[in-house]
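Peer 1: Would you be able to build a 3D model of this:
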Amino acid sequence: MPDDARAAAAVAAAAAEEESAFSHPAVDPDVTAAYGDHPDQVIDFYAPRVEAGPGTLATPIVVLLHGGAWRAPYDRRHITPFAGFLTRRGFAVANVEYRRGPADPAQGPSVAGRWPDTFDDVAAALDALPALVRELLPQTDPRRMVITGHSAGGHLALWAAARHVLPPDAPWRTDRPAPLRGVVALAPIADFEVAGKLDVCGGAAHQLLGEEEEFAVRRPYADPSLLLPTGIATTLVQGRADVVVPEAVAEAYADAAAKAGEVVGLTLLEDVGHFPLIDPAADACAVVVEEIAQLAW
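Peer 2: Residues are numbered from 1 along each chain as shown. From the prediction side, this is the model:
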């Protein structure tokens, strides 16, 4: 097949995958709780719909961070079908919302993220979660917590698990690792240098941190590939046909982890693009849930 035809076929396949992922009706949560005063500082909680797991162990909880290139038009609603899929496999879910770009509406809705608000929110949400889980989902075991995220949310999941290795002057740094059984990052924007070279999501990483000097100064506080090793079990799930966040980004993170002396799992799925990882109708979604289960139990 000629290169032009191959590229056209890849674009068509990606569009079909995105259409499928966004075709499912949103799934309403059982309860929503605030972790701050801003309207976006909320977490949707979902109780499991079936019992799962060995024996009588308490239910694990999956902390879910949605993608959308940290941009305002993409909120947590688009990933609720995946949240529902997890509950039907016996997991409780905490679907976290956070502030996305722009802080100034005059900048336009396509700007990625807010500095430092996006990071403030994820840190605050994770800090608030244990108490909220005990109150709102008492049937779950907060010690069996796995964090997962898709695309930009995959970046945030990796970052949230690495707060204890942030630079000492970082306001989000913690004294000890987060109480997580593991991280499952789905097609994550996990290496900002490679993502920038590939112009991932229209230069979203540079929009998130700022251009030139701001990017260089802020990157050590935000780029998961520089926040290693974490000591927390981590798996990346990546479609090899992903044209939104290409395989090279996940591979760069895995390489950085190896250089830091940490083994990171990298599950590569053939003929899978960006969106099947969160699409309940796709086989790839079942693979994702199995990766989560392996860490949760």
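Peer 1: The residue nearest to residue 98 when sequence neighbours are not counted: neighbour count?
Peer 2: Nearest residue to residue 98, sequence neighbours excluded (Cβ to Cβ, 6 or more residues apart in numbering): residue 121, at 3.8 Å. Just so you know, the C-beta spots here come from the backbone N, C-alpha and C atoms, and that holds for glycine as well. Using other Cβ atoms under 10 Å, residue 121 has 23 neighbouring residues.
Peer 1: Pretty sure residue 121 sits against residue 40.
Peer 2: Yes. Using Cβ atoms under 8 Å, residue 121 makes contact with residue 40 at a distance of 7.0 Å.
Peer 1: Quick check on residue 249: phi, psi?
Peer 2: Main-chain dihedrals, residue 249, degrees, to the nearest 10: phi -70, psi -50.
Peer 1: 33 is where my numbering starts, stick with that
Peer 2: Yep, numbering from 33; the last one is residue 281 now.
Peer 1: dump the residue contacts of it.
Peer 2: 220-223, 226-227, 230, 232 (Cβ atoms under 8 Å, 6 or more residues apart in numbering).
Peer 1: what about 10 Å?
Peer 2: Neighbouring residues of residue 281 by Cβ atoms under 10 Å, 6 or more residues apart in numbering: 186-187, 219-227, 229-230, 232, 237, 257, 268, 270, 274.
Peer 1: Would you mind measuring from the closest residue to residue 107 other than its chain neighbours to residue 182?
Peer 2: Nearest residue to residue 107 in three dimensions, chain neighbours excluded: residue 129, at 6.4 Å (Cβ to Cβ, 6+ apart). Note on residue 129: its distance to residue 182, by Cβ to Cβ, to the nearest Å, is 14 Å.
Peer 1: Which one's more surrounded, these two?
Peer 2: residue 182 (30 against 22).
Peer 1: That one against residue 277, yeah?
Peer 2: Yes. Using Cβ atoms under 10 Å, residue 182 is in contact with residue 277, at 9.4 Å.
Peer 1: Now do the shared contacts for those two.
Peer 2: Joint contacts of residue 182 and residue 277 (Cβ under 10 Å, 6+ apart) are 99, 218-220, 306.
Peer 1: so of these, which ones are in strands?
Peer 2: Counted as lying in strands by DSSP state E, out of the shared contacts of residue 182 and residue 277, are residue 218.
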